[in-house]
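Asks: this is the structure alone, sequence omitted:
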């Protein structure tokens with residue numbers, strides 16, 4: 001059996017190089033988030049990373065997506081090209097802009113870049129009753145992001161912190177910066193401990209076979225094309241296709257179904273955009289670092 005620590009360090013090293021409509025029910029208990037409620041200036045959260053699933057070298061599953069503002073909210077859309085091997089409106093738009101060759105078009109093309117993310121399954125120690133949660137965070141080109149901090153802990157302790165018997169919980173320290181935005185100041189490893197003293201509970205968590213595709217939706221080409229063009233997708237029940245919401249008449253509301261995105265707004269998390277955590281965070285031992293180049297969005 002391969003060494004989990006070696007696999008994670010290899011994954012980190014490699015990171016430095018360069019459908020049709022179907023209703024999905026979102027359950028907020030599926031997602032781990034590091035936002036702070038309105039009026040709260042600092043806080044801590046404690047999590048346990050679950051071991052890698054069978055067939056996976058590390059607990060950190062890579063996905064590629066596009067961060068884009070939809071109807072005033074930042075969203076992350078899995079890339080159809082990278083994740084499905086299909087045509088992707090974001091990638092097509094980026095390539096077309098680059099092909100124009102002007103400095104202006106090259107700069108605009110950056111809005112449609114594809115970015116690497118990591119998704120890891122965790123247990124929120126404050127909400128163990130909600131079971132396994134998915135935590136998604138972006139790769140950071142400055143090497144100061146969440147993945148970098150966690151890898152720093154792996155390097156420091158020199159063992160698998162996701163081990164079910166001798167792993168470690170992680171304490172995430174969050175505070176607002178000078179702009180009032182919450183940032184993760186540090187991630188600190190706690191003492192070795194079993195995943196749970198309750199064997200039946202630990203067994204249930206470890207046997208959760210869901211992947212990120214079960215909780216994060218991969219949108220269709222038609223849906224993403226509307227987003228890229230600056231529209232807001234709505235499901236037309238009569239035509240049975242995605243259309244721009246602005247093309248629907250006022251008396252056509254009954255034919256519109258945007259329920260698949262209702263829980264993807266920041267309002268459902270009980271916060272505004274200023275209450276969500278960014279990747280402007282420190283390494284495993286508190287330190288000052290540079291800011292990430294992206295605004296944060298929701299975990300779904």
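Replies: Looks like it arrived, so ask away. Not measured: the values here are computed from a predicted model.
Asks: use CA for all of it now, contacts and neighbours both
Replies: Fine.
Asks: please enumerate the helices of the stretch 51-200 of the chain.
Replies: 80-84, 89-100, 103-109, 146-157, 199-206 (DSSP state H, counting those that start in this stretch).
Asks: could you measure from residue 217 over to residue 55?
Replies: 23 Å (CA to CA, to the nearest Å).
Asks: and the two? which has more neighbours close in?
Replies: Neighbours per residue, other CA atoms under 10 Å: of residue 217 and residue 55, the larger number sits with residue 217, 18 against 6.
Asks: tell me the SS of the more buried one?
Replies: coil (DSSP: H, G, I helix; E, B strand; the rest coil).
Asks: longest strand in the protein, by residue count?
Replies: strand 182-193 (DSSP state E).
Asks: residue 149 reaches residue 185, doesn't it?
Replies: No. Residue 149 lies out of contact with residue 185 (CA atoms under 8 Å); the separation is 10.4 Å.
Asks: these two - which one has more neighbours?
Replies: Neighbour tally, residue 149 and residue 185, criterion other CA under 10 Å: the higher count belongs to residue 185, 25 against 21.
Asks: pLDDT value on the more buried one, please?
Replies: In this prediction, residue 185 carries a pLDDT score of 83.
Asks: same deal with residue 295?
Replies: Per-residue confidence (pLDDT) for residue 295: 37.
Asks: tell me the phi and psi of residue 58?
Replies: phi -140, psi 160 (degrees, to the nearest 10).
Asks: return the distance of it relative to residue 121.
Replies: The separation that residue 58 has from residue 121, given CA to CA, amounts to 11 Å.
Asks: looking at these two, which one has more neighbours?
Replies: Between residue 58 and residue 121, counted using other CA under 10 Å, the more crowded position is residue 121 (28 against 23).
Asks: which residues does the more buried one bridge with?
Replies: residue 134 (DSSP bridges).
Asks: contacting residues around it?
Replies: 49, 50, 59, 132, 133, 134, 135 (CA atoms under 8 Å, 6 or more residues apart in numbering).
Asks: near residue 110, how many other residues are there?
Replies: The burial count for residue 110: 12, using other CA under 10 Å.
Asks: again with residue 164
Replies: Quick note: residue 164 (other CA under 10 Å) scores 19 neighbours.
Asks: quick check: it vs residue 157, distance?
Replies: With distances taken as CA to CA, residue 164 is found 16 Å from residue 157.
Asks: check residue 60 too.
Replies: Using CA to CA, we find residue 60 at a distance of 18 Å from residue 157.
Asks: of the two, who's got more company?
Replies: residue 60 (23 against 11).
Asks: mind listing what the residue positioned nearest the centre of the chain touches?
Replies: The centroid of the chain falls nearest to residue 136 when counting by CA atoms, centre = their mean (2.7 Å). By CA under 8 Å, 6+ apart, the contact set of residue 136 is 117, 118, 119, 120, 299.
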